[in-house]
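K.L.:
my questions are about this predicted structure, shown below with the sequence.
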Amino acid sequence: METLVVTIKRKNKAAFTKELLKSFDFLEVKEEKNFTEREMKIIKNLSAAFTDVNLSIRGKKKLKTLQEVINGL
């Protein structure tokens, strides 16, 4: 299997190009997801949280207790 990335330069041709590519039964078309700024912030926060948990599990970082988090609110 070979992967090919196609960049459509003109937005008004995107729908046509996608339909054309989907018409070939030997191609699998996957559309790229463009995240909003809000979604990117959530992803970054979750990634940082998972990193912190991983470091805590390995004993390299001490996380706050639930009570410490509640007191900080």
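P.N.:
Yep, that arrived. Since the model is a prediction, treat every value here as computed from it, not as a measurement. Numbers count the residues shown, from 1 in each chain.

K.L.:
what sits up against stretch 54-62?
P.N.:
For stretch 54-62, contacts defined as CB atoms under 8 Å, 6 or more residues apart in numbering pick out 52, 63. Every residue, glycine included, has its C-beta placed from N, CA and C.

K.L.:
CA-only coordinates of that stretch in PDB, if you can.
P.N.:
C-alpha atoms of stretch 54-62 as PDB (Å, rounded to 0.1, in the frame of the first residue of the first chain):
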ATOM      1  CA  ASN A  54       3.000   9.000  33.800                       C
ATOM      2  CA  LEU A  55       5.800  10.900  35.600                       C
ATOM      3  CA  SER A  56       3.900  10.300  38.900                       C
ATOM      4  CA  ILE A  57       3.600   6.600  38.300                       C
ATOM      5  CA  ARG A  58       7.300   6.400  37.600                       C
ATOM      6  CA  GLY A  59       8.000   8.300  40.800                       C
ATOM      7  CA  LYS A  60       9.500  11.400  39.100                       C
ATOM      8  CA  LYS A  61       6.800  13.900  40.000                       C
ATOM      9  CA  LYS A  62       4.500  14.400  43.000                       C
END
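
K.L.:
next one: it to chain centre, how far?
P.N.:
Its chain's C-alpha centre and that of stretch 54-62 lie 25 Å apart, by CA atoms, centre = their mean, to the nearest Å.

K.L.:
and what of stretch 54-68?
P.N.:
Remark: stretch 54-68 is offset 25 Å from the chain centroid, using CA atoms, centre = their mean.

K.L.:
what of stretch 56-71?
P.N.:
26 Å.

K.L.:
stretch 52-65 too?
P.N.:
On CA atoms, centre = their mean, the centre of stretch 52-65 falls 24 Å from that of its chain.
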